[in-house]
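# got a sequence here, can you model it:
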Amino acid sequence: MNLTSPTPLSFKSARLLIRRYRKDDEDFLYNAARESIREVFPFLPWCHPDYDREDTVGWLDMVESNWRQGEAYNFAIFSEDGSTFHGGCGLNKIDEHPVANLGYWIRTSSTGQGLATEATIALAAFGLAELGLQRIEIIMSTENIASRKVAIGAGAVEEGILRQRLLLHGRPHDAYVYSLVKDKR
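All right, here's what the predicted structure looks like:
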């Protein structure tokens, strides 16, 4: 991976400031997660009905540690001026090929505005240019219609369905796999 210079902590898109989570994001993250449990929990089990402040603090600690070790790059999604927290996105499961998984979530009160798609496009550009990734994958349950719309809107290429690829709430789910690469050969 291309890590000869320090990895930028933030970048912008047309409407968004996308920056590494910080410890002082605790209230933003906690409140958005609590607001969004009904919509997020079916596909992202971390946002569960008993989600509490300890979950938030643990996540923020993990973000910092993973970043230092180059294992994952997780970002908070804010309005361009930094005043409104919309959700999060990140690159994780980075391997030696170099390939990474791209994930995203948008708080319930911010959905339907194209923010996840915009953040996905910007994050993929960051991963390909700043981290030197050759491939980024987006994997989601075939039942997650909203996530699939984001992948398609971001220009990701559908490569197929992986049978029983995800285990969500003790039940196997088939999953779509989408990819983004520098060269669209």
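
# all contacts plus neighbour counts: C-alpha atoms, from now on.
Will do.

# for the chain, just list every one of the strands.
Using DSSP state E, the strands of the chain run over 10-12, 16-20, 73-79, 85-92, 99-106, 135-141, 157-168, 171-181.

# for residue 52, find the nearest of the ones you listed.
strand 85-92 (16.6 Å; CA to CA).

# just checking, what packs against the closest one?
helix 26-40, strand 73-79, strand 99-106, helix 115-129 (3 or more CA pairs under 8 Å, 6 or more residues apart in numbering; DSSP states H and E).

# need the ones you listed in JSON lines with distance to residue 92, can you?
JSON lines is the format used below for those (distance: least, CA to CA, whole Å):
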{"stretch": "helix 26-40", "distance to residue 92": "19"}
{"stretch": "strand 73-79", "distance to residue 92": "6"}
{"stretch": "strand 99-106", "distance to residue 92": "5"}
{"stretch": "helix 115-129", "distance to residue 92": "10"}
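
# hey, which helix is longest across the protein?
Across the chain, the longest stretch assigned as helix under DSSP state H is helix 53-69.

# now it against strand 16-20, angle please.
Here helix 53-69 runs at an angle of 80 degrees relative to strand 16-20 (axes from the mean of the first three to the mean of the last three CA atoms, to 10 degrees).

# for helix 53-69, which outside residues touch it?
By CA atoms under 8 Å, 6 or more residues apart in numbering, the surrounding residues in contact with helix 53-69 are 21, 22, 23, 26, 29, 30, 72, 73, 74.

# just the C-alpha atoms of that helix, please, in PDB.
Only the C-alpha atoms of helix 53-69 are listed here, as PDB (Å, rounded to 0.1, in the frame of the first residue of the first chain):
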ATOM      1  CA  ARG A  53     -22.200   4.900  25.800                       C
ATOM      2  CA  GLU A  54     -19.700   2.100  26.400                       C
ATOM      3  CA  ASP A  55     -20.200   0.800  22.900                       C
ATOM      4  CA  THR A  56     -19.500   4.300  21.600                       C
ATOM      5  CA  VAL A  57     -16.400   4.800  23.600                       C
ATOM      6  CA  GLY A  58     -15.100   1.400  22.800                       C
ATOM      7  CA  TRP A  59     -15.600   2.000  19.000                       C
ATOM      8  CA  LEU A  60     -13.800   5.400  19.200                       C
ATOM      9  CA  ASP A  61     -10.900   3.700  21.000                       C
ATOM     10  CA  MET A  62     -10.800   1.000  18.400                       C
ATOM     11  CA  VAL A  63     -10.900   3.500  15.500                       C
ATOM     12  CA  GLU A  64      -7.700   5.200  16.800                       C
ATOM     13  CA  SER A  65      -5.900   1.900  17.400                       C
ATOM     14  CA  ASN A  66      -6.800   0.400  14.000                       C
ATOM     15  CA  TRP A  67      -5.800   3.600  12.200                       C
ATOM     16  CA  ARG A  68      -2.300   3.600  13.900                       C
ATOM     17  CA  GLN A  69      -1.800   0.000  12.800                       C
END
